[in-house]
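**Student:** Got a predicted structure plus its sequence, pasted below:
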Amino acid sequence: MKDAAIDQILTADLQKRMPLAGTLGIEFFSAAPGAIRARMAWLPERCTSDGILHGGAIMAFADTLGGSLAFLNLPEGAVATTTIESKTNFFRAVRGGNLYGEATALHAGRSTIVVDTELSDDNGKRVARVTQTQAVLRG
């Protein structure tokens, strides 16, 4: 994923639909019902002490990918999703470069969608894994 090209049109569209994605500088490689791939740069203002990327920034990145993927997997008649549960396991700190994420759907049902997001660093090492449940909202 590190060598993939950013999709500028997709990035602009998703940042417009979800302003936090723009605030976090999330750039998207691809988005389809099967998977969403994106990256977020390490920046000092996204860090905690000692220049470590803040866990909340990591979780917000994963939630953005998970919510976007859930939206792409909405059943007929549904209009949106909202996160109702999220579980994060952290494995290593990020002190520079980029954070890469790939979200895939584990379950896409009528009332909930469960998403798994793998996060890695520039060296391809696992940084975190997030599993979240999205509630399906109907109009």
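**Tutor:** Received the coordinates, thanks.
**Student:** for Ala5, helix, strand, or coil?
**Tutor:** Here Ala5 is recorded as coil under DSSP: H, G, I helix; E, B strand; the rest coil.
**Student:** hey, where'd the strands end up in the protein?
**Tutor:** Using DSSP state E, the strands of the chain run over residues 27-32, 35-41, 78-90, 98-108, 112-120, 126-138.
**Student:** quick one: average pLDDT of the shortest one?
**Tutor:** So the one you mean is strand 27-32. Mean per-residue pLDDT for strand 27-32: 98.
**Student:** Send over that strand as PDB, restricted to the C-alpha atoms.
**Tutor:** Taking C-alpha atoms only, strand 27-32 is exported to PDB below (Å, rounded to 0.1, in the frame of the first residue of the first chain):
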ATOM      1  CA  GLU A  27      -5.600  10.500   2.200                       C
ATOM      2  CA  PHE A  28      -7.400   7.600   0.400                       C
ATOM      3  CA  PHE A  29      -5.900   5.100  -1.900                       C
ATOM      4  CA  SER A  30      -9.100   3.200  -2.700                       C
ATOM      5  CA  ALA A  31     -12.700   2.700  -1.400                       C
ATOM      6  CA  ALA A  32     -15.000  -0.200  -2.400                       C
END
